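S.K.: what's the 3D shape of this:
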Amino acid sequence: MRTAAGALVALVLSGFTALLLHGTYEFEGPVVLTLTYNHGLHAGDVLILLGWVVAIVAVVLLVRRPSR
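M.R.: The predicted structure follows:
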């Protein structure tokens with residue numbers, strides 16, 4: 001049950017992250033990595049990805065935590 005809940009949380013987090021990465025914002029920052037001629041990774045996207053990594057690591061640690 002805990003694994004299914006963790007997978008659901010990871011899926012929702014990933015969905016929100018994808019929405020944030022695909023959005024257009026006034027202060028995106030400079031392009032850090034060019035992916036195609038009209039798409040790239042902006043400085044603001046790096047913070048979003050770091051937050052996603054921290055959240056996924058937290059979910060994994062909670063799912064792998066031994067039962068009481």
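
S.K.: what's the weakest-modelled helix or strand in this protein?
M.R.: When the helices and strands of the chain are scored by mean pLDDT, DSSP states H and E, strand 39-42 comes last with a mean of 84.

S.K.: in the helix or strand that that one is followed by, what counts as buried?
M.R.: Using DSSP states H and E, the helix or strand that follows strand 39-42 towards the C-terminus is helix 43-64. Neighbour-count burial for helix 43-64 flags 44, 45, 48, 52, 55, 56, 59 (criterion: 16 or more other Cβ atoms under 10 Å). Quick note: C-beta positions are derived from backbone N, CA and C, even for glycine.

S.K.: Quick check: pLDDT value at the fifth one.
M.R.: Right, residue 55. Residue 55 carries a pLDDT score of 96 in this model.

S.K.: so who does it touch?
M.R.: Residue 55 is in contact with residue 13, counting by Cβ atoms under 8 Å, 6 or more residues apart in numbering.

S.K.: how near is the residue lying farthest from the centre of the chain to residue 12?
M.R.: Each residue of the chain has a distance to the centre, and by Cα atoms, centre = their mean the biggest one is for residue 68: 29.8 Å. As defined by Cβ to Cβ, to the nearest Å, residue 68 lies at a distance of 26 Å from residue 12.

S.K.: what does residue 29 give?
M.R.: Going from residue 29 to residue 12 by Cβ to Cβ gives 26 Å.

S.K.: Of all residues in this protein, which one is nearest the centre?
M.R.: Note: the chain centre (Cα atoms, centre = their mean) maps to residue 52, 3.0 Å.

S.K.: Surely residue 25 touches residue 44?
M.R.: Yes. With contact defined as Cβ atoms under 8 Å, residue 25 reaches residue 44; the gap is 6.5 Å.
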